[in-house]
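1. all I have is the shape, not the residue letters:
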């Protein structure tokens, strides 16, 4: 006795969209050949049986999933789901099947060897002439590489926006530098602007090197201190990772403090020293920095709010939403800077 059953009498295929007379006559055989030879994975399930098992699968489906024919026939398609398959997507599939709706969605599936792939699943119900559900037809498409490209493109777009965002910030700061720097002496004016822009450029390079992600606090500080090349400077503190948002403002702050120390402060004399210490703050990414100058000249009798003071206050208090305190001790200038770890927004720190 043959195991092949007669076709369901109420099951009729749709006519081809275009065909010759011979093609129309051979449509059933040609359809079967096409299903088996196409590179698109396909299965048919039978909802009239318990658990809606697979009753037909083509070779492309076996190639995609890595299973043999006897490992898929009689099983529900959920065997392709795994640990990271989204439960919400699973619920969508179940609801659409229960409601006998045609649907297309992407689901994370797993091959026999355990490797994951993104499956663009299209399921269509097949009814008889009286509207009774007989089968579900499902096609699959491995869109893993396409999704990788999408993620890469999205990442690149975010990176370009980030670069544009920070470039605009740098230009705003440069504008403030040019606008607020003292212009009494053209030569000194040009040198001061050049040094400040170079400090920003160095910080920008450090950010680019780190992929515009977090940067170690010691790298920002040492980048500016090492440019001085002095053996009278010491920097110490634990590993603290700070937001990319902090890098350029902090680099300019350290540069300005160092510039003042070499022109007016401890490093302007033969015996003065500078110690920079930092520690973590309670919030992730936050820190407290202590700038200590010793054995330098006496503090000035008169103090004016020049570019340095305006810039320090603007960067620390307005842009980084931190706190800066300055005092003259018996041994020299001490500056304490506190920066919280949670930062958003980007105000112009040098706005008038």
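-> Yep, that arrived. All of these numbers come straight from a predicted model, not from anything done at the bench.
2. check the secondary structure at the residue nearest the centre of the chain for me.
-> Centroid-nearest residue in the chain, with Cα atoms, centre = their mean: residue 155, separated by 6.0 Å. Secondary structure, DSSP: H, G, I helix; E, B strand; the rest coil: residue 155 is helix.
3. tell me, what's the model's pLDDT at it?
-> In this prediction, residue 155 carries a pLDDT score of 73.
4. and it, what is it in contact with?
-> With Cβ atoms under 8 Å, 6 or more residues apart in numbering as the criterion, no residue contacts residue 155. Any C-beta I mention is one placed from the backbone N, CA and C, and that applies to glycine too.
5. same question for the one 5 residues further on.
-> Contact partners of residue 160, counting by Cβ under 8 Å, 6+ apart, are absent.
6. look up how far residue 207 lies from it.
-> Using Cβ to Cβ, to the nearest Å, residue 160 is found at 14 Å from residue 207.
7. the residue nearest to the centre of the chain and residue 148, how far apart?
-> Residue 155 is 10 Å from residue 148, by Cβ to Cβ.
8. could you do residue 118 as well?
-> 9 Å.
9. okay, those two: which has more neighbours?
-> Taking other Cβ atoms under 10 Å, residue 118 and residue 148 do not tie; residue 118 has more neighbours (17 against 11).
10. so that one sits in a strand?
-> Yes. Checked against three-state DSSP, residue 118 lies within a strand.
11. hey, what's residue 242 bridged with?
-> residue 215 (DSSP bridges).
12. can you give me the helices for this structure?
-> 21-25, 27-37, 59-65, 69-72, 87-98, 144-180, 186-209, 217-228, 244-263, 307-313 (DSSP state H).
13. list the contacts for residue 127?
-> 100, 133-134.
14. list just the nearest of these to residue 272.
-> residue 100 (84.1 Å; Cβ to Cβ).
15. just give the nearest non-adjacent residue to the closest one, would you?
-> residue 125 (4.6 Å; Cβ to Cβ, 6 or more residues apart in numbering).
16. same deal with residue 323?
-> That would be residue 338: by Cβ to Cβ, 6+ apart, it lies 4.5 Å from residue 323.
17. make sure that neighbour is actually in contact with residue 288.
-> Yes. Look at residue 338 against residue 288 with Cβ atoms under 8 Å: they come within range, at 4.9 Å.
18. okay, and the common contacts of those two?
-> What both residue 338 and residue 288 touch, as defined by Cβ under 8 Å, 6+ apart, is the set residue 281.
19. distance-wise, check residue 212 relative to residue 321.
-> Residue 212 is 21 Å from residue 321, by Cβ to Cβ.
20. quick one: terminal-to-terminal distance for stretch 133-146?
-> Taking Cα to Cα, to the nearest Å as the measure, stretch 133-146 stretches 34 Å from start to finish.
21. in stretch 94-107, what counts as buried?
-> 96-97, 107 (16 or more other Cβ atoms under 10 Å).
22. looking at the protein, which helix or strand is least sure?
-> helix 27-37 (a mean of 64; mean pLDDT, DSSP states H and E).
23. and the pLDDT at the residue nearest to residue 323?
-> 94.
24. that one: neighbouring residues, count only.
-> 16.
25. all further residue positions should be reported with the first residue as 23.
-> Understood, numbering begins at 23; the last thing we discussed is residue 360.
26. contacts only, for it.
-> Contacts of residue 360 were listed using Cβ under 8 Å, 6+ apart, and they are 303, 308-311, 344-346.
27. now, of these, which are buried?
-> Using 16+ other Cβ under 10 Å, the buried ones in the contacts of residue 360 are 303, 308-311, 344, 346.
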